[in-house]
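Q: quick check, what structure comes out for this input:
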Amino acid sequence: MSSSTSPFPGPVELAGEGVVLREWTEGDLAAMPGLFDHTDIAYWTPLVSPFDAAAARARLDRARRLKADGTALLLAITADGGTPLGEVMLRRVPEGIELGYVVGPAHRGQALAVRAVLVSAGYAFGQLGADQVILELEAENSASVAVAKGAGFTLLDVPLIEGEEKGRPYLLQTWGLTSR
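A: Numbers count the residues shown, from 1 in each chain. Purely as a prediction, here's the structure:
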């Protein structure tokens with residue numbers, strides 16, 4: 001797949017595995033701080049902290065801009081298309097599609113991330129033409145590693161990605177899933 005920057009088709013709503021992934025709306029702004037303003041989310045993700053009403057507005061605006069640019073989709077994870085429980089990101093990269101995910105602390109333990117990753121990967125393969133879907137994870141993030149394994153991803157034999165976020169150095173492993 002090329003790293004095309006054509007806009008994503010819209011509106012995007014993906015359903016399966018007992019979840020509905022949909023675009024963020026103005027009505028979600030009040031719920032976003034409760035999902036994203038948490039110490040482990042601040043530690044493991046690039047989301048701003050504290051995550052307040054201004055951060056929620058910036059996230060919604062960014063989601064709309066990234067979609068229009070054809071760069072990425074930021075979708076709310078829901079059970080039925082209603083209340084957001086987390087977020088899944090699909091980002092175009094040279095390797096195919098990179099996924100990222102976060103589930104609000106009150107909604108963990110329900111395999112929401114695994115299910116959202118499976119639905120997102122299916123969309124990446126079936127609708128976006130990706131040959132491969134990747135996850136970039138820190139080995140110490142046991143919850144994310146469990147999601148990768150639960151969704152059938154395997155650790156790829158590629159160099160670690162070194163970086164720094166919020167003043168903290170990190171090393172990312174790359175996990176992959178290929179179209180069947």
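Q: now residue 18: how far from residue 165?
A: Distance, residue 18 to residue 165, using C-beta to C-beta, to the nearest Å: 32 Å. Bear in mind the C-beta positions are built from the backbone N, C-alpha and C, glycine included.
Q: scan this structure for its longest helix.
A: Secondary structure of the chain per DSSP state H: the longest helix is helix 53-69.
Q: quick one, helices of the chain?
A: According to DSSP H, the helices that the chain contains are 32-36, 39-44, 53-69, 112-126, 142-150.
Q: and the ones you listed: which comes nearest residue 24?
A: Smallest distance to residue 24 across the helices of the chain (C-beta to C-beta): 5.0 Å, for helix 53-69.
Q: average pLDDT across that closest one?
A: For helix 53-69, mean pLDDT is 96.
Q: how about that helix: buried residues?
A: Across helix 53-69, burial judged by 16 or more other C-beta atoms under 10 Å covers 55, 56, 59, 60, 63, 66, 67.
Q: and if you look at stretch 35-48?
A: Buried, per 16+ other C-beta under 10 Å, within stretch 35-48: 35, 36, 37, 38, 41, 42, 44, 45, 47.
Q: give the closest residue to the fourth one in space, chain neighbours not counted.
A: If you skip the residues right next to it in sequence, residue 38 has residue 105 as its closest partner in space, 5.1 Å away by C-beta to C-beta, 6 or more residues apart in numbering.
Q: thanks again, I'm all set now.
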